[in-house]
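>>> Predicted coordinates and the sequence they were generated for:
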Amino acid sequence: MDKRDAQVNYRLSLLDQSPINDGQTAAQALEATLIFAQKAEALGYHRLWVSEHHDTDRLAGSSPEVLIAWLLAHTSWLRIGSGGVMLQHYSPYKVAENFHLLASLAPDRVDIGIGKAPGGLPLSTKALRGHAPADSAPGFPAQLQQLTHYLTHLDDHLAGKEARALPRPSVIPQRFLLGASPESARLAASLGWNFVFAGFINTSEQMMTESVLAYHEYSAGQGQALVSLAVLAAETREQAAALVAEQHNFRVTVGDRHVTVGTREQAEAFVQQAGATHYQIEQQKLSVLHGTPGDIHQQLRDIQRRLCVNEFVIHTPLTDAAVRLKSIELLAGQH
């Protein structure tokens with residue numbers, strides 16, 4: 001979707017985390033994500049990404065690749081991707097195979113988004129690691145470099161010399177690194193990935209500015225920087241304010257380690273699973289860009305002008321599917 005006036009031109013895309021509302025089953029939450037994707041396509045959004053979370057009763061999307069395949073099969077042209085796959089848990093080779101298979105099933109419709117976070121609490125992280133020691137992984141930059149190699153080295157002359165991540169798609173997936181720091185932006189630029197600043201996780205405007213500008217500097221115009229924000233549109237400012245008023249998350253500090261989770265129960269579970277005795281749990285008001293569609297587009301235009309961002313990935317962090325649908329309808333209808 002392009003939003004145009006005399007001075008700006010930007011696309012709108014979506015991130016959906018398949019939230020499980022009270023009294024709802026995971027199957028119902030995933031069906032709501034499908035309805036969300038089909039509505040996004042009908043409204044003209046450019047792409048929709050799904051997330052990866054483990055061992056939580058609040059979010060249903062534990063395997064983005066599986067959900068992506070289902071969404072691709074039930075939509076026609078909308079780009080579908082991961083926002084993102086938590087690479088630390090997996091073989092870069094297998095991740096590349098998965099996305100090349102998806103891109104072969106739906107040519108020129110698949111995005112691969114990669115994240116650095118664990119996507120879960122310590123027990124699920126340990127389970128995903130299997131028998132591998134905690135310190136055996138090569139580190140995220142090295143893993144991303146390996147993944148880049150497997151996504152780009154498919155030539156026939158390599159057959160029999162090194163493993164290729166086949167099948168070879170006719171159009172390779174678009175690559176996005178999700179991050180919230182200048183370091184992530186520079187890593188994305190150095191390996192030829194597009195960069196997405198996760199503003200719904202790190203709400204610091206200064207960090208957003210530094211990260212996006214760092215990407216522009218180091219990529220030399222060879223990739224694109226996107227910004228992902230928590231957004232809620234309503235028919236009036238008062239309605240929007242009321243809907244986000246009770247939205248909170250919880251920041252857990254254990255030594256020099258910080259994690260952000262959605263509920264106090266998750267925060268306490270993290271502390272218990274980490275075996276921490278000295279910690280801090282802080283309730284934080286969720287930072288959501290909210291208001292009428294006109295209010296929101298004005299703020300997006302301001303960011304677009306300031307940071308030369310031509311696409312925003314909108315995340316609506318409410319569990320009520322009807323509220324999420326209404327929000328994206330209102331944003332799409334504001335020309």
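All right, it came through fine. Residues are numbered from 1 along each chain as shown.

>>> Mind listing what's buried along stretch 292-311?
Buried positions in stretch 292-311, judged by neighbour count with 16 or more other CB atoms under 10 Å: T292, P293, D295, I296, H297, L300, I303, Q304, L307, V309, E311. For the C-beta atoms, the positions are set from N, CA and C on the backbone; glycine is no exception.

>>> Tell me which two of those residues sit farthest apart.
T292 and L307 (23.0 Å; CB to CB).

>>> Tell me both backbone torsions, phi and psi, for the spatially most central residue of the chain.
In the chain, the residue lying closest to the centroid (CA atoms, centre = their mean) is G83, at 2.7 Å. When read as degrees, to the nearest 10, the backbone of G83 gives phi -140, psi 60.

>>> who's in contact with it?
L15, W49, V50, S51, P64, G113, G115, F176, L178, V196, S228, V313 (CB atoms under 8 Å, 6 or more residues apart in numbering).

>>> repeat that with 7 Å
Applying CB atoms under 7 Å, 6 or more residues apart in numbering, we find G83 in contact with L15, W49, V50, S51, G113, L178.

>>> same deal with L226?
N194, V196, V309, E311, F312, V313 are the contacts of L226 under CB under 7 Å, 6+ apart.

>>> Next, please give the residue ranges for the helices of the stretch 201-335 of the chain.
Remark: helices assigned in the stretch 201-335 of the chain by DSSP state H, counting those that start in this stretch are 205-219, 237-244, 264-274, 293-307, 321-333.

>>> Please name every helix or strand in contact with the third one.
What that stands for is helix 264-274. In this structure, helix 264-274 makes packing contacts with helix 122-129, strand 248-254, strand 257-261, judged by 3 or more CB pairs under 7 Å, 6 or more residues apart in numbering; DSSP states H and E.

>>> same thing but 8 Å
helix 122-129, strand 248-254, strand 257-261, strand 280-285 (3 or more CB pairs under 8 Å, 6 or more residues apart in numbering; DSSP states H and E).

>>> buried stuff in it?
Result for helix 264-274 [16+ other CB under 10 Å]: buried residues Q266, A267, A269, F270, V271, Q273, A274.

>>> Surely the fifth one is in contact with I281?
Right, the one you point to is V271. Yes. Between V271 and I281 there is a contact at 7.3 Å, judged by CB atoms under 8 Å.

>>> Quick one: low-confidence residue ranges for the protein.
1-8, 131-137, 334-335 (pLDDT under 70).

>>> again, only using 50
Across the chain, the ranges flagged by pLDDT under 50 are 4-8, 335.

>>> got the residue ranges for the strands in it?
Here the chain has its strands, by DSSP state E, at 2-4, 9-16, 47-50, 79-82, 85-86, 110-115, 174-179, 194-198, 225-233, 248-254, 257-261, 280-285, 289-291, 311-315.

>>> a markdown table please, covering those and showing distance to L158.
Compiled in a markdown table, the strands of the chain are given as follows (distance: least, CB to CB, whole Å):
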| stretch | distance to L158 |
| --- | --- |
| strand 2-4 | 39 |
| strand 9-16 | 34 |
| strand 47-50 | 30 |
| strand 79-82 | 26 |
| strand 85-86 | 24 |
| strand 110-115 | 20 |
| strand 174-179 | 20 |
| strand 194-198 | 25 |
| strand 225-233 | 32 |
| strand 248-254 | 44 |
| strand 257-261 | 40 |
| strand 280-285 | 49 |
| strand 289-291 | 46 |
| strand 311-315 | 34 |
